[in-house]
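In: model this:
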Amino acid sequence: MCCWTGTGASIAANKVAGVRAALCADAATAEGARTWNDANVLALSLRLTSERLLVEILDAWFAGTPSADAEDLLNIAELENIESRP
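Out: Next up, the predicted model:
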């Protein structure tokens, strides 16, 4: 998802059940979002993301895989728990 800063897109996306949107301004953040948070929606700033940077971010995003580390899995489970609260 994209908007001028990416902030609004990430906020809106995270209102949808099951979505874990991450606003990523660089490849390292995109990789970490996929790995440690199992993020499933990428939010980008149209203002700050050059074409070259976009390629780096997308490469990292699509290469990323969720961590199998027990602590990371607990963090993801807690996000799901928060989402299910009334």
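
In: and the longest helix seen in the chain, which residues are buried?
Out: In the chain, taking DSSP state H as the definition, the longest helix is helix 70-84. For helix 70-84, the buried set under the neighbour-count rule, 16 or more other C-beta atoms under 10 Å, comprises Ile76. Yep, even glycine has a C-beta here, placed from its N, CA and C like the rest.

In: so which elements touch it?
Out: helix 27-37 (3 or more C-beta pairs under 8 Å, 6 or more residues apart in numbering; DSSP states H and E).

In: residues in contact with Met1?
Out: Ala9, Ser10, Ala12, Ala13, Ala21, Val41, Leu42, Ala43, Leu44 (C-beta atoms under 8 Å, 6 or more residues apart in numbering).

In: tell me who's in contact with the first one.
Out: With C-beta under 8 Å, 6+ apart as the criterion, the residues that contact Ala9 are Met1, Cys2, Cys3, Ala21, Leu23, Ala43, Leu44.

In: tell me the one among those residues nearest to Glu78.
Out: Checking the contacts of Ala9 against Glu78 with C-beta to C-beta, the nearest one is Ala21 at 16.8 Å.

In: and the pLDDT at the closest one?
Out: Note on Ala21: pLDDT of 97.

In: for it, give the beta-bridge partners.
Out: Beta bridges link Ala21 to Val41 when assigned by DSSP bridges.
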